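In: The sequence and its predicted three-dimensional model are supplied below.
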Amino acid sequence: MPGLSSGKGEAAMSVQTSVKPLTATAVVKTKRERIRYMWAYLFLLPQLLFFIVFTIYPIIMSYVYAFFDWSGFGPLTNFVRLENFTKLIHDDKFWNAFRNSLIYMASKTVILMPATLIMALILNQAFFKGKVIYRTVYFLPVVTTTSIVGIIMKFIFGNENALVNEVLIGLGLLKEPIPWLGQAGTAMGVLILVGSWKFFGMMMVYWLAGLQSLPGDVYEAAKVDGASYWQTLKSITLPLLLPVAAVILLLTVVNSMHVFDLVKTLTNGGPFFATETVDLYIYNYAFSTSGFPQIGYASAAGIVFGLTMFVMTLVLGWLVKLTKDKQEAQDARLSRGGI
């Protein structure tokens, strides 16, 4: 079959001739890319090692420690199965700390979500003068170390001769000094107030970023249609901000549930565990000064709290997706015209 053979030969020739050899420039370029990637991985390696040693390894070992009665010294020999978890579930102090964390988180969220949105709306107005100054002033507490804030606020609210009592008595608003950090109700109130003040600037920046990312053509169309500021706010701004609001809510909840340094320096969980949060509860058992540390029990508490936060994050993530779907529907409605 000479015809068939010649056909195969021509096909082979065409395949061979279609593959062009790499030029010297292409080879050099490939080598440069490999060297660049090699240097990139080399610079990332220290951070990766730190992440493995100080994050991944402790997380894995905490699941191991949770099944042992271990003080942090000596080998892991006393395997107690689920005893730490059983003890934790029946510990009233843990549920008290969990309730305090929820109260702090919920109160801080209720205060900050509307307050920071209103401030961001004001600072986002074109006619408002001194925006940079106000943004800087509100953001200063964010960059201040939380433990330093707690120590300073302890001097302001700490005892009956504290600064806040002297000012309020001097203004005639109080007749007798109040032990702000010595009573359960007022101590939690001060903690919530200081925590909200500390995080106020960050949330305001989140809202400002969301406001400045909104499409300007929608507002121009609303202006042409004769919509007022309040109509625009209700029908355009707030609906378009829903995904941003969901993300801010997620960040606020996670940040507020993991409060430790402010509580440690301001109230240390007192009076009588009235402001003790879960993070402080875990710390007190892991680094106990009144007896042997209970690393296994503290690890069990951390696992339970971490799983709870994981579930809350999933729920809030679903909320983010839901609000995103609503925004897409709102965009479709606005694209058809009209407020």
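Out: Done, it's in.
In: residues touching T267, list them.
Out: The contact partners of T267, taken as C-beta atoms under 8 Å, 6 or more residues apart in numbering, are L181, A187, V190, L191, A274, T275. No exception for glycine: its C-beta is placed from N, CA and C like everyone else's.
In: quick check, nearest of those to K93?
Out: Relative to K93, the closest of the contacts of T267 is A274; by C-beta to C-beta it sits at 11.9 Å.
In: Spatially, what comes nearest to the closest one if we skip its sequence neighbours?
Out: Take A274 and drop its neighbours on the chain: the residue closest to it by C-beta to C-beta, 6 or more residues apart in numbering is A184, 3.6 Å away.
In: count of residues packed around that neighbour?
Out: Neighbouring residues of A184 were enumerated by other C-beta atoms under 10 Å; the total is 14.
In: Next one: it relative to G270, how far apart?
Out: In this structure, A184 lies at 9 Å from G270, with C-beta to C-beta, to the nearest Å as the measure.
In: so which two of the contacts of T267 are the farthest from each other?
Out: Pairwise distances across the contacts of T267 peak at 11.2 Å for V190 and A274 (criterion: C-beta to C-beta).
In: could you give me the average pLDDT of stretch 98-113?
Out: Stretch 98-113 comes out with an average pLDDT of 96.
In: List the buried residues for that stretch?
Out: Residues of stretch 98-113 classed as buried by neighbour count (16 or more other C-beta atoms under 10 Å): F98, N100, S101, Y104, M105, S107, K108, T109, I111, L112, M113.
In: now those residues as a markdown table including distance to F305?
Out: As requested, the buried residues of stretch 98-113 are exported to a markdown table (distance: C-beta to C-beta, whole Å):
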| residue | distance to F305 |
| --- | --- |
| F98 | 8 |
| N100 | 13 |
| S101 | 8 |
| Y104 | 14 |
| M105 | 12 |
| S107 | 19 |
| K108 | 18 |
| T109 | 18 |
| I111 | 23 |
| L112 | 22 |
| M113 | 23 |
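In: wouldn't the residue nearest to A274 be in contact with E276 here?
Out: No. Between A184 and E276 there is no contact, the gap being 11.0 Å when judged by C-beta atoms under 8 Å.
In: Any idea which helix or strand in the protein has the lowest mean pLDDT?
Out: Here the helix or strand of the chain ranked lowest by mean pLDDT, DSSP states H and E is helix 2-18, holding a mean of 47.
In: next helix or strand past that helix?
Out: Using DSSP states H and E, the helix or strand that follows helix 2-18 towards the C-terminus is helix 24-51.
In: Can you give the contact residues for the very next helix or strand once past that next one?
Out: Scanning the chain past helix 24-51 towards its C-terminal end, the next helix or strand to appear is helix 57-65 (assignment: DSSP H and E). Around helix 57-65, the neighbours that count as contacts under C-beta under 8 Å, 6+ apart are L76, I295, G296, S299, G302, I303.
In: Show me the helices in the stretch 201-339 of the chain, by range?
Out: Read by DSSP state H, counting those that start in this stretch, the stretch 201-339 of the chain holds these helices, from start to end of the chain: 216-224, 229-232, 238-240, 242-257, 261-266, 278-286, 295-335.
In: now the fifth one: mean pLDDT?
Out: Confidence over helix 261-266 (mean pLDDT, whole number) is 94.
In: How far does that helix sit from its chain's centre?
Out: Relative to the centre of its chain, helix 261-266 is centred 18 Å away, using C-alpha atoms, centre = their mean, to the nearest Å.
In: Mind listing what's buried along it?
Out: Using 16+ other C-beta under 10 Å as the test for burial, helix 261-266 gives D261, L262, V263, K264, T265, L266.
In: name the helices or strands packed onto that helix?
Out: For helix 261-266, the elements it packs on are helix 146-157, helix 184-212, helix 278-286, judged by 3 or more C-beta pairs under 8 Å, 6 or more residues apart in numbering; DSSP states H and E.
In: cool, and the fourth one?
Out: For helix 242-257, the elements it packs on are helix 92-123, helix 184-212, helix 295-335, judged by 3+ C-beta pairs under 8 Å, 6+ apart.
In: swap the cut-off to 6 Å and go again
Out: Packing contacts for helix 242-257, counted by 3 or more C-beta pairs under 6 Å, 6 or more residues apart in numbering; DSSP states H and E, involve helix 92-123, helix 295-335.
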